[in-house]
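Chemist: pasting a predicted model and its sequence here:
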Amino acid sequence: MSTLDPPGRDPRLIILAVAGLLLPCFVFLAARLSLPGDGTQIQFAAPPAGGGFQITVTGAAGGPLRSGDTLIAVEGRAVDDWLRSAIVNPLRPVDADRQYEIRYTLLRGGQVVETSVGLLREQLPQPLVSNWSSYLFMLSMLVVGLLVFAQRPALPSAQGFLLLGAALFSSGAVFFLGLQASDLLHGWLVGLWVWGSIPLYALFAGGMVHYALIFPSPRQFLKRRPHLVPLLYLGTWAPAAVYLVFLWPDDPTPSAALIATLRATSALTAIAFPLALGLQVYGYLRVFNPVERRQVRWLVFASLVTIAPWVALSVIPEMLAGEALIPQQVVGLLWLVLPVGVAISILRERLFDVDLLINRTLVYGMLTMALTAIYFASVLLFQSLLRSLTEQESDLAIVASTLAIAVSFTPLRQRIQAVIDRRFYRQKYDAEKVIARFSTVLRDEVDLEKLSMALLAAVEEAMQPERASLWLKQTARRK
């Protein structure tokens, strides 16, 4: 940390806060690995008409259960009764007989079904396996945050990044693991999941906005009025609270109230992320110095590398063909670039020419999305034409589309490069045009005085100096 960097909180307090954020996650994960379960996952969609939760079978222990079943009672007690018990007496012990077999009452195809399910200990929960790329991204946020904090323990942006990574990892890990139907027997386990999925995520969403005000350096008004930080979090959560008022059920049973509260967290996402982005844009345009702007550009570069391929390889193909080009888990690996970009921006923002990286990322990101859209559109067009002519499917459409992509690659890349240079790198674009014109003059003109005047004019137009002069060395002529 340089002498110009403002000091943050005591690093020991940051370590304690990180430990407090991670503790619920590790306790929940340890419980999931040690307690026997039924291999299901509760789905918190709109509550069924008769109450209860829909379940999805994710593990081998599911047995007679089926995905889509509606769980309405456990051991003869309604699901809402179990949720109330989790609130009133979360540490209530579980009967020994229920630790390895549970009797469920289900609604299946309009019929009430009762069945007993044997519980098993899973070596690795299936949700952990199916969401491996998300866990890898969250773990990378935490690990990179720890490395950055170890290098700059007193820097506010390093402290905030570590706290943000810890909150994301703890909340996301608990949420993706989910609740099993058998977890209703353990009130404290239900409470841990609710804590990680709602309050801890709300803390992460507010932390996103807070971090936008301390990265790359804390704003002056925040340093002068630190008491505004709690109000900042409350302001971020307020839209979610208003949204929850409209979602609140007329009959606020525990299951309906829990589903409504979980749905209200989407308002946090819709508010926190655009607000954090807007604060960074405003700071870049009005507040930041050149060094801070270069740090923000590293974050922009990481975001482009993350988002552009995701849109091109997942979003666009699913919109046009109903299927992503590569699995979602593989696309999730791209998100690993984001913590690395933040780390470079904090520790070594001069590592590379970030403007060149952003330029190339914009060009090839837009080129990838354009070629993907052209490919799928041409495949659909050629297939429809061939189907109308031959009344059968043919691989000729794929071959023709591939050839169209190969032919259009270079001209499309040049066109996109020109548009981006003209729109985002106007000064560089104008300078290159001036140099190109001067090269033409240099090739055709032989008069030294005219060349000197053309050179001065090109320098003034491209570089825009306050003054410019040209000195030519006089050489003695030999007789």
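Modeler: That came through fine. Numbers count the residues shown, from 1 in each chain.

Chemist: skipping its backbone neighbours, what lies nearest residue 253 in space?
Modeler: Counting by C-beta to C-beta, 6 or more residues apart in numbering, residue 80 is the residue found nearest to residue 253 once chain neighbours are left out, at 4.8 Å. Any C-beta I mention is one placed from the backbone N, CA and C, and that applies to glycine too.

Chemist: next SSE after the helix or strand harbouring the one you found?
Modeler: Assigned by DSSP states H and E, residue 80 belongs to helix 79-88. Downstream of helix 79-88, the next assigned helix or strand under DSSP H and E is strand 101-108.

Chemist: neighbours of the residue nearest to residue 253, just the number please.
Modeler: 18 (other C-beta atoms under 10 Å).

Chemist: next, the buried residues of the helix holding residue 80.
Modeler: 79-80, 82-83, 85-86 (16 or more other C-beta atoms under 10 Å).

Chemist: got the CA positions of that helix in PDB?
Modeler: The C-alpha trace of helix 79-88 is given here as PDB (Å, rounded to 0.1, in the frame of the first residue of the first chain):
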ATOM      1  CA  VAL A  79     -44.800 -29.300   6.400                       C
ATOM      2  CA  ASP A  80     -45.900 -26.000   7.900                       C
ATOM      3  CA  ASP A  81     -45.900 -27.500  11.400                       C
ATOM      4  CA  TRP A  82     -42.300 -28.600  10.900                       C
ATOM      5  CA  LEU A  83     -41.400 -25.100   9.800                       C
ATOM      6  CA  ARG A  84     -43.000 -23.600  12.800                       C
ATOM      7  CA  SER A  85     -41.200 -26.100  15.000                       C
ATOM      8  CA  ALA A  86     -37.900 -25.000  13.400                       C
ATOM      9  CA  ILE A  87     -38.600 -21.400  14.400                       C
ATOM     10  CA  VAL A  88     -39.800 -22.100  17.900                       C
END
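
Chemist: contact partners of it?
Modeler: Contacts with helix 79-88, where a contact means C-beta atoms under 8 Å, 6 or more residues apart in numbering, come from 51-53, 71-74, 92, 184-185, 187-188, 190-191, 253-255, 258.

Chemist: tell me how many other residues crowd residue 407.
Modeler: 10.

Chemist: what average pLDDT does the helix or strand containing it get?
Modeler: Here residue 407, judged by DSSP H and E, is contained in helix 396-424. Here helix 396-424 scores 75 as its mean pLDDT.

Chemist: now do the buried residues in that helix.
Modeler: Buried residues in helix 396-424, counted by 16+ other C-beta under 10 Å: 397, 400-401, 404-405, 408, 412-413, 416-417, 420-421.

Chemist: equivalent analysis for stretch 206-224, please.
Modeler: Those would be 206-218, for stretch 206-224 by 16+ other C-beta under 10 Å.

Chemist: excluding residues flanking it in the chain, which one is nearest residue 341?
Modeler: Nearest non-adjacent residue to residue 341, counting by C-beta to C-beta, 6+ apart: residue 302, 2.4 Å away.

Chemist: three-state assignment of that neighbour?
Modeler: Classification of residue 302 using DSSP: H, G, I helix; E, B strand; the rest coil returns helix.

Chemist: what is the neighbour count of it?
Modeler: Using other C-beta under 10 Å, residue 302 has 23 neighbouring residues.

Chemist: wait, it touches residue 343, no?
Modeler: No. In this structure, residue 302 is not within contact of residue 343 by C-beta atoms under 8 Å, at 9.4 Å.

Chemist: I'd guessed residue 92 sits against residue 187; true?
Modeler: Yes. The pair residue 92 and residue 187 passes the contact test of C-beta under 8 Å, sitting 5.8 Å apart.
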